[in-house]
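Chemist: please find the sequence and the predicted model below.
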Amino acid sequence: MQRSLMALVVVEITGTLVFMLKLAVPPPAKGDKGGITTNPLLATARFDQWDPLTATEATMLASNRFGFHPVVSHGLSSLPRHAVVRVDLPASASLYCLASAFKSHEESVALDLGCKRRTPTAMSAASKVKYSRQRWKQKAKSRADDNRYLRKELERLKRERDAYKKRAKQAEAQLRVQPPAALRPAIERKVDLVHVTLELFVRARISFRAVSRVLGVLAAPLGLAKAPCPQTVINWVTRLSITRLQQASTLPKNLLSADPFANGFIWIIDISIALGSGKLLAVLALDARHHARQASAPGLEHVHPLAVSVAESWTGEAVAEVLKELIGTLGRPVALLKDGGSALAKAADELSAEALGTRCLDDLSHVAANLLKHQYVHHPHFDTFLSACGQVSKHLKQSALACLAPPKTSTKARFMNLHRLVKWADQLLQHCRPGAARAGSALAKLRSALDQLPTCKAFIGLFRRDAETLLQCQEVLKVKGLSEQTREQCHQIVEAMPPSSPVRRGFEAWMAKHLAVASELGLDTVGLPISSDPIESLFGVVKQRSQGPIKDADRLAVYLPAFCGQRSQGDAAHVLEISVAQQQEVMGTVSSLSKQRRQVLPRPGSLESLFEADRPRHVELLAGSKNRSKSAIVSTLSNGYELVQGTCSEVDDEGTLPLNSVLAGASRA
């Protein structure tokens, strides 16, 4: 906003005051923003009509050039010719005017108001008009383009809004006419329900009743009309076990060039502890090139069940019979991976005596436990240590120091987990700092509960050193297998033990023996599997799924194959294909201790029924078809094929060599 400007114009000729001109600069007009206004001296009181010479000039000066506003009044009646009126104004006024005050056509007067912004000779009138016109056209075009874009966008938004409104009204009308469609259920097919049920039992590791309850809670979200009952879950798991054993006969054989007559698998065999009235014998197949294909240690998802059998006791001959039946159906394995049990070792000898033997591998964990056992079982402080741990546990429980109680360890296979107890003792003794303790303090109470444990400090230090060294070696060998590279790593680890230590020497001897087997099979660069942890884990998982107050080996044997391998929709489809009659035919009459308990315990005088001759037999599940003569997969040649070379030559090239011919040829030789 501009301030008003007042100025006095004094024209003095021969000392006489001629006139006084009052000029005012009002605010700019609201027209063009470029400042196009009228000349202040020429646009007043018909001053431009006093002389024809000034008319054109007045019209020109009143054009859109200077930005002047008209003045209210003026008077030039007494002005002589060629008089110059000089007005001193600020530069911001920017006034310029040339007028004629005349009585004739030659008489004129010029007013020089001190304007320095423009001169008539700087630009011609036509150029100024053309320049002003171009600026106006550019601004008008820019405004037109903006208005055109906004107008089109507004039209587009209106069209989209109308379309949305129309569709919304149509949808509301349809909803009023038709009820809302039901949500699509998450489980539409029965095979999907079977797959989810099996995953809950096998992968989530929950019981049969828990599976039924979980599905009952999620019945509405999953779209289930009714959740399967616990017995249905049991049947599906049982049929999954049958499916697993049937699939074992169709496993692809990854033959090794070093042993082309073997089936390319390492069989892991083990016998469980007594479970009720029987013991479990399990045989699992593991790919011999597992470490070349997997970057992790073998687990339950990497093994395939071949046989599950229950007996009151297992001897070498009985185990050998089961293995011979499997060899007759699936072929000879690359090696047998077992623990140090005498029955399994005798079974391997039985197979070798009948020309069906193969290589034997000793499990790494059991070898380490046996080395520690031979070294420390006769240590003078070993029995004292075990007794002191029992006394400490008794004193610490049900006290403020109960959190320091020793971990629970099994009395069977004690040296498999004795390192946990030794580590606990070492950590507990570190809390007992030397020096006197205040009476009634926590340290005094802890010292009073330690019994003779401090006297075993030397034994604890030695055992923990050897045990932790072997544990580090096991971690390397179980994940990567036994190879030249892993043997070098283990050599560096065992340097923590003295060179004369029997534990170190025994472990190095075991590595040298099994590395020779790996070199024979061509696995010394990729790694030889030497851990039976999968079968140990399988026994532990199955024991947790036991039913009733008594662990039943027969009942657990039925569920054991279901935990092996990876489950898919195809497995669920195979489960539904097995009928009840087929299930009973394969499983037979399973001897259930829980059922016998319900039948005998509340009925006095019924004990004789437990010893009847026709009582149910134990479970025996073997991979392959029941009719060996019609089986598509028959045993490969044994490593005693030199003895039956004549028999082999009589077999047709397209045929297979049955197991009985191998045995007969070997016996004749």
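Modeler: That came in fine, so what should we check first?

Chemist: which stretches of the stretch 51-200 of the chain have low pLDDT?
Modeler: 51-121, 178-183 (pLDDT under 70).

Chemist: and with 50 instead?
Modeler: 51-118 (pLDDT under 50).

Chemist: repeat that for the chain.
Modeler: 1-26, 28-118, 625-669.

Chemist: domain parsing for it?
Modeler: 1-122, 246-363+532-622, 376-521, 637-669 (automatic domain parsing).

Chemist: longest helix anywhere in the protein?
Modeler: When the chain is parsed with DSSP state H, its longest helix is helix 125-177.

Chemist: tell me which helix or strand comes right after that helix.
Modeler: helix 190-202 (DSSP states H and E).

Chemist: ok, now how distant is Val303 from Gln566?
Modeler: Val303 sits at a distance of 11 Å from Gln566 (criterion: Cβ to Cβ, to the nearest Å). The C-beta positions use only the backbone N, C-alpha and C, and glycine is treated the same way.

Chemist: joint contacts of the two?
Modeler: Taking Cβ atoms under 8 Å, 6 or more residues apart in numbering as the contact rule, Val303 and Gln566 have no neighbour in common.

Chemist: and these two? which has more neighbours close in?
Modeler: Set Val303 next to Gln566 and count neighbours by other Cβ atoms under 10 Å: Val303 wins out with 25 against 10.

Chemist: surely that one meets Ala282?
Modeler: No. Assessed by Cβ atoms under 8 Å, Val303 is found out of contact with Ala282, at 9.9 Å.

Chemist: overlap in contacts of those two?
Modeler: 535, 538.

Chemist: ranges for the strands of the chain?
Modeler: 6-13, 16-24, 84-86, 110-112, 265-271, 279-287, 304-311, 335-338, 359-362, 620-622 (DSSP state E).

Chemist: between its first and last residues, what's the separation in stretch 238-258?
Modeler: 38 Å (Cα to Cα, to the nearest Å).

Chemist: buried stuff in that stretch?
Modeler: By neighbour count on 16 or more other Cβ atoms under 10 Å, the buried set for stretch 238-258 is 238-248, 251, 255-256.

Chemist: got those residues as CSV, with distance to Tyr149 columns?
Modeler: Listed next are the buried residues of stretch 238-258 as CSV, based on distance: Cβ to Cβ, whole Å:
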residue, distance to Tyr149
Thr238, 75
Arg239, 71
Leu240, 69
Ser241, 74
Ile242, 75
Thr243, 70
Arg244, 71
Leu245, 76
Gln246, 74
Gln247, 70
Ala248, 75
Leu251, 72
Leu255, 76
Leu256, 77
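
Chemist: which of those residues fall in helices?
Modeler: Going by DSSP H, the helices hold 238-248 from these.

Chemist: got the residues you listed as TSV, with distance to Tyr559 columns?
Modeler: Converted to TSV, these look like this (distance: Cβ to Cβ, whole Å):
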residue	distance to Tyr559
Thr238	7
Arg239	11
Leu240	9
Ser241	6
Ile242	11
Thr243	13
Arg244	11
Leu245	12
Gln246	16
Gln247	17
Ala248	16
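
Chemist: pick out the most distant pair among those.
Modeler: The two members of those with the most space between them (Cβ to Cβ) are Thr238 and Ala248, at 16.4 Å.

Chemist: show me what contacts the closest residue to Leu482 other than its chain neighbours?
Modeler: Using Cβ to Cβ, 6 or more residues apart in numbering and skipping residues adjacent in sequence, the residue nearest Leu482 is Leu528, 4.6 Å away. Counting by Cβ under 8 Å, 6+ apart, Leu528 touches 288, 291, 361, 481-483, 514-515, 517-518, 521.

Chemist: Lys551: which of those residues is nearest?
Modeler: Distances from Lys551 to these, taken by Cβ to Cβ, are shortest for Leu361, at 29.5 Å.

Chemist: which ones are touching that closest one?
Modeler: 266, 335-338, 514, 517, 528, 530.

Chemist: just Pro221 next, same as before
Modeler: Applying Cβ under 8 Å, 6+ apart, the residues contacting Pro221 are Ala186.

Chemist: quick check: the gap between it and Val214.
Modeler: For Pro221 relative to Val214 (Cβ to Cβ), the value is 12 Å.

Chemist: who touches both of those two?
Modeler: If you check Pro221 and Val214 against Cβ under 8 Å, 6+ apart, no residue is contacted by both.

Chemist: I'd say Pro230 and Ser212 touch.
Modeler: Yes. Between Pro230 and Ser212 there is a contact at 4.9 Å, judged by Cβ under 8 Å.

Chemist: out of the two, which sits in the more crowded spot?
Modeler: Ser212 (21 against 15).

Chemist: now Leu356: phi and psi?
Modeler: With angles defined as degrees, to the nearest 10, Leu356 sits at phi -120, psi 10.

Chemist: how far away is Ala288 from Phe201?
Modeler: With distances taken as Cβ to Cβ, Ala288 is found 30 Å from Phe201.

Chemist: who's more crowded, those two?
Modeler: Ala288 (27 against 23).

Chemist: wait, what's in contact with that one?
Modeler: Per Cβ under 8 Å, 6+ apart, neighbours of Ala288: 254, 256, 264-266, 334-335, 521, 523, 528-529.

Chemist: fine, thanks again, bye for now.
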